[in-house]
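[1] using only what follows, build the 3D model:
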Amino acid sequence: MDLNKIAIRLRPRSSWEGMDLGFAMAREWFLNLWLLWLCSALPVMLLLTLLPLPLWLAGVIMWWLKPAYEPPLLFWMSRRVFSEEVTLSAVFKEWTRIVLPQLFASLTWRRLTLSRSFFMPVVVLEGLKGARRTKRISVLGKTSNVSVWLTSVGLHFEVILQFGLLGLILALIPEDLLWVDWQSYLFKPDPVSEWLHHLSALAAMSLIAPFYVAAGFGLYLTRRSQLEAWDLELGLRQLAQRHPPRPGVAGKVVVACLALLFSGMAPLDSSQAMEISRAESQSLIEEVLKDEAFGQERERHYWKYIGDDEDSPEESDSAFLQWLEDIAEHIAALGEFLLWILVAGVLAFLVYWYFQNRGMLGISGFGKQKRGEPPRVVAGLDLRPESLPDDPASTSARLIEQDKIRDGLGLLYRATLSQLVHAYALPIHEGATEGECLNQSQTLAQPGISNYFAELTAAWQQLAYAHHRPEKAHLLELCRSWGNHFEVDHAG
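    Here you go, the predicted structure:
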């Protein structure tokens, strides 16, 4: 993740401003996001229509599978925000890697989570699961009340947009050709009305989804920027590029500050004081207020109680009771369907828990669980054994002796990570930082390797981030002692 390539302006934002940032991204890239969502959702709807299901059940399933349509939008935006051009076909080539991880959890016990769009990047972009996902969400979610409002308001807008589209279509049909009214449409729809209902629902979901996913991503970026001070880091980088350090400047600045301090403590002579007239001060104030940081106007709206409305005339009791009865029947049917989904989700979770905990229960499985494939790339470093030289320690020492400190130390750090991942099966994910890799190495029952990796990580961070060059003798000693902890693979 290169902050220098970020396509948005980094500055301190509140959670509401972060949501506005997501809306701005959705407006900018709406067509691509809309096509991505339709390419995922439209085939599902066509498949559901071919199955022998009631149309209302197909519509509920279509709505329930929303978490399967949204990750491609998030993946595309995460690349586009950092100025990486990604085609829609490239996104769908990665579809299984983007959508399938933790899809079962997203469609069962996490389905009704009101902060779904805010927490989605933790799974899709960071690849966290289990206790690490929970810990990460607990850190990010301290200001997640805005994401709850986002989901609630987004759902209401989706319903309003759907019935608005229906009203528009029905208003454009001549009265002589109109086959349905609102009462029959809501309680006793015919097949044509049901098809019209589901098509308008699909259109409404497709129009709201880009804004919903982008707003959640904007909240996630805002929270990450708050926790990791992205704006400060980027500003310091730009300042360092504009003003390279020069010898003697720091001493001159200290002397000037001391002179200003002691001169400020001395009493001012009234003859030396500058007198500013009222007109001059007013002009200076107006000039300062012309800056874009000042002079903002905000319009606030609030609800004010103005009293009760006049009682409406009484309606027919029988019609009202019939209306309540129809609503109760539909609510009961929906409740029964949701109850069956809940029962199926609990049973599926119990089966999943059983297969995950067979060893703890003393039940033998059908075979050994296949260990996950080691990551090929961690934090941008290629860890494949075939990408490393036969003797990485000797090659690193030779580069360091040639004053190629960064290349030599980077090769040594990359070779050490490759050994930890492949030889010691250290569970490190692709998005892990140096600190996370170091914490994982402490779990090894190898104190010598853990201490060596801690020393190597400190030298690498000192060079890569603090831009402080370690002593060459210390780096050569790290190269010489590398073979005491790791074996050289001459077959790679």
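[2] need the pLDDT of the residue most central in space within the chain.
    Of all residues in the chain, the one closest to the mean position by CA atoms, centre = their mean is P121, 2.9 Å from it. Per-residue confidence (pLDDT) for P121: 89.
[3] my read: it touches G218, true?
    No. Counting by CB atoms under 8 Å, G218 is not a contact partner of P121; they are 10.7 Å apart. Yep, even glycine has a C-beta here, placed from its N, CA and C like the rest.
[4] roughly how far does I98 sit from W76?
    Here the criterion is CB to CB, to the nearest Å. By it, I98 lies 9 Å from W76.
[5] can you check R480 too?
    Using CB to CB, one gets 47 Å for the distance from R480 to W76.
[6] now A68
    15 Å.
[7] higher neighbour count, these two?
    Neighbours per residue, other CB atoms under 10 Å: of A68 and W76, the larger number sits with W76, 23 against 17.
[8] that one: which element?
    Under the criterion DSSP states H and E, the helix or strand holding W76 is helix 71-80.
[9] tell me where the protein has strands.
    377-378, 381-382 (DSSP state E).
[10] most packed of the ones you listed?
    Taking mean count of other CB atoms under 10 Å as the contact definition, the stretch among those with the greatest mean neighbour count is strand 377-378, which reaches a mean of 18.
[11] quick check: neighbours of that strand in the sheet, parallel or antiparallel?
    Based on DSSP bridges, the strands next to strand 377-378 in the sheet, each with its direction, are strand 381-382 (antiparallel).
[12] which residues touch the partner strand?
    Residues from elsewhere that reach strand 381-382 (CB atoms under 8 Å, 6 or more residues apart in numbering): R376, G410, Y413, R414, L417.
[13] same thing with stretch 22-42?
    For stretch 22-42, contacts defined as CB under 8 Å, 6+ apart pick out 8, 62, 65, 68-70, 72-73, 76-77, 80-81, 88, 91-92, 99, 202, 205-207, 209-211, 213-219.
[14] can you pull the buried residues of that stretch?
    22, 25-26, 29, 32-34, 36-41 (16 or more other CB atoms under 10 Å).
[15] swap in stretch 417-431?
    By neighbour count on 16+ other CB under 10 Å, the buried set for stretch 417-431 is L417, S418, Q419, L420, V421, L426, I428, H429.
[16] next, the distance between the ends of that stretch.
    End-to-end distance of stretch 417-431: 14 Å, with CA to CA, to the nearest Å as the criterion.
[17] now it, how far from the centre of its chain.
    Between the mean C-alpha location of stretch 417-431 and the chain-wide mean there is a distance of 25 Å, by CA atoms, centre = their mean, to the nearest Å.
[18] then stretch 62-81?
    A distance of 11 Å separates the C-alpha centroid of stretch 62-81 from that of its chain, computed with CA atoms, centre = their mean.
[19] joint contacts of I98 and W76?
    Overlap of the contact sets of I98 and W76 (by CB under 8 Å, 6+ apart) consists of V91.
[20] run a quick neighbour tally on the nearest residue to V213 once chain neighbours are set aside.
    For V213, the nearest residue in space outside its immediate sequence neighbours is L73; the separation is 4.5 Å by CB to CB, 6 or more residues apart in numbering. In terms of burial, L73 registers 29 neighbours under the definition other CB under 10 Å.
[21] where does L73 land on pLDDT?
    For L73, pLDDT reads 91.
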